[in-house]
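*Asks:* Let's see this in three dimensions:
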Amino acid sequence: MNTPKFDLKSKIRRIPEFKGVVFWDITPLLKDKDAFRESIKQLADHYRGKKIDLIVSNEARGFIIGAPLAYELGVGFVPIRKKGKLPYNCIDLTYKKEYEDDTIQIHDDAIIKDQNVLIIDDLLATGGTVKANVELVEKLGGKVVGIGFLIELGYLGGRKILGDKHEVFSLIEFKTTNDV
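*Replies:* Below you'll find the model as predicted:
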């Protein structure tokens, strides 16, 4: 973990009971222009100098982090969306979430074989969604060069499901549900 230049962690709001889980709300960080800028800068600093052609992010909060990071690094941005939300020819992947299946899609021409892809999301929880993102990128022939997050919920063990094939980086980690 990088030591933040100022306390980004304090900008994440803990909501103890939202739909049956502890929810880590990034909106206080996003509305603070300095904290938002600093979080994108710190992510960019971590990835500067690495060969990245594209950033891929999953809707919706992943877009909020991935798109400005792509802009900052001067690379392209590709969205992954829920089935039926993209207007062009797509490939899709159905994967198991905690209590249900979900299907995500990416345009079939979004990634050229052997392009270096960085996957960015707002939060690593159990790892199922980002693992599906990796599978979609690799299905199109992209090379995943890293997986990055604004927040990691270490107590949910998402890194384990991702394995050690790819570098996983997060700016902020909550080690327990009571961590603040």
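
*Asks:* Do a quick rundown of the strands in the chain.
*Replies:* Taking DSSP state E as the test, the strands found in the chain are 13-18, 21-25, 54-58, 76-82, 90-96, 101-107, 116-124, 143-153, 168-174.

*Asks:* Among those, which comes closest to Gln42?
*Replies:* strand 168-174 (5.6 Å; CB to CB). C-beta coordinates here come from the backbone N, C-alpha and C atoms, glycine included.

*Asks:* Need the residues that contact that closest one.
*Replies:* If you take CB atoms under 8 Å, 6 or more residues apart in numbering as the criterion, strand 168-174 is touched by 1-2, 4, 8-9, 12, 24, 39, 42-43, 46, 124, 146-155, 159, 162.

*Asks:* Buried ones only from the residues you listed, please, as a PyMOL command.
*Replies:* Buried subset of these, written as a PyMOL selection, criterion 16 or more other CB atoms under 10 Å:
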select buried, resi 4+8+12+24+39+42+43+46+124+146+147+148+149+150+151+152+153+154+162
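
*Asks:* partners of the closest residue to Thr27 other than its chain neighbours in the sheet?
*Replies:* Nearest residue to Thr27, sequence neighbours excluded (CB to CB, 6 or more residues apart in numbering): Arg13, at 7.1 Å. Here Arg13 sits in beta bridges with Asp25, going by DSSP bridges.

*Asks:* Tell me what the most centrally placed residue in the chain is bridged to.
*Replies:* In the chain, the centroid-proximal residue (CA atoms, centre = their mean) is Asp121; its distance is 1.2 Å. Beta-bridge partners for Asp121, by DSSP bridges, are Phe149.

*Asks:* so who does it touch?
*Replies:* By CB under 8 Å, 6+ apart, the contact set of Asp121 is 57-58, 61-62, 65-66, 129-130, 133, 147-150.

*Asks:* Quick check: it vs Val56, distance?
*Replies:* When distance is defined by CB to CB, to the nearest Å, Asp121 is 10 Å away from Val56.

*Asks:* Return every residue with contacts to both of these two.
*Replies:* Counting by CB under 8 Å, 6+ apart, the contacts common to Asp121 and Val56 are 66, 133.
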